[in-house]
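Chemist: the amino acid sequence is not available; the structure is as follows:
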């Protein structure tokens, strides 16, 4: 598992977010998920991910929670940042892709 923690201020609201990446499926695809309870937080995190990676995450509901799902393209976008690049590349090598 690779956990990326982001503290950001969006629209004047400071929040801490965690996106947890793991490997899923037959093709061992990198999939990251963040779980959010409030709609406003989901909108802020979605905007933040799009700003950082250039791609909007997939957003859906499961029960009372909002799930934000990121794929390899989001992980590659986050790897452009020096603070994350080494950890992401090491995780990708260790997990097989």
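Modeler: Received it, and whenever you're ready, just let me know what you need. Bear in mind the structure is a predicted one, so any value in this text is a computation, not a measurement.

Chemist: now do the contacts for the residue most central in space within the chain.
Modeler: The C-alpha lying nearest the average C-alpha coordinate of the chain belongs to residue 19 (Cα atoms, centre = their mean; 4.2 Å). Contacts for residue 19 (Cβ atoms under 8 Å, 6 or more residues apart in numbering) come out as 3-4, 6, 32-34, 49, 68, 70. Using the backbone N, CA and C atoms, a C-beta is placed for each residue, glycine as well.

Chemist: ok, what's across the strand from it?
Modeler: residue 4 (DSSP bridges).

Chemist: circling back to that earlier point, return a PyMOL selection command for the buried portion of the contacts of residue 19.
Modeler: To isolate the buried ones among the contacts of residue 19 in PyMOL, judged by 16 or more other Cβ atoms under 10 Å, type:
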select buried, resi 4+6+32+33+34+49+68+70
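
Chemist: pick out the lowest-pLDDT one from the contacts of residue 19.
Modeler: Within the contacts of residue 19, residue 6 has the lowest pLDDT, namely 93.
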